[in-house]
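1. coordinates only, no sequence provided:
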């Protein structure tokens, strides 16, 4: 004799399996599309491997479209410039030669200018004001 639970399981189990496989296949298609976009962008760069490793190392890349990749690229550079700026005080403390200190100060000025420009680029790109 067929019980309501048996009937329910006959209907629900195939639906669950179909749903599961649909979501997995959809995710695989999305990843392939993301890889295709990333690959097409990095193919145009001077250093494909560096481009790919930079974007793949950033968790925001997976959900990004082309405009998102622009913002991620700028953000990665801002992070690098700021990390470098943060190291300058320790470098300056370790130096004794006045000429070396002056050179590092000049580098610091250049990096601060670069940071301002990158932040401006990020703001403009966020507004899609190219």
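-> Okay, I see it. The structure presented is a predicted model; accordingly, all values stated were derived computationally and were not measured.
2. quick check: the gap between residue 122 and residue 66.
-> Between residue 122 and residue 66 the distance, using Cβ to Cβ, to the nearest Å, works out to 16 Å. Backbone N, C-alpha and C define where each C-beta goes, glycine included.
3. likewise for residue 124?
-> Residue 124 is 16 Å from residue 66, where distance means Cβ to Cβ.
4. show me where this structure has helices.
-> 4-43, 48-56, 66-94, 98-126 (DSSP state H).
5. can you list contacts of the shortest one?
-> Contacting residues not belonging to helix 48-56 are listed as 38, 39, 41, 42, 45, 61, 69, 72, 73, 76 [Cβ atoms under 8 Å, 6 or more residues apart in numbering].
6. cutoff 10 Å now
-> 34-35, 37-39, 41-45, 47, 61-62, 64, 69, 72-73, 76-77, 80 (Cβ atoms under 10 Å, 6 or more residues apart in numbering).
7. repeat that for stretch 74-94.
-> For stretch 74-94, the external contacting residues (Cβ under 10 Å, 6+ apart) are 54-55, 57-58, 60-61, 100-101, 104-105, 107-108, 110-126.
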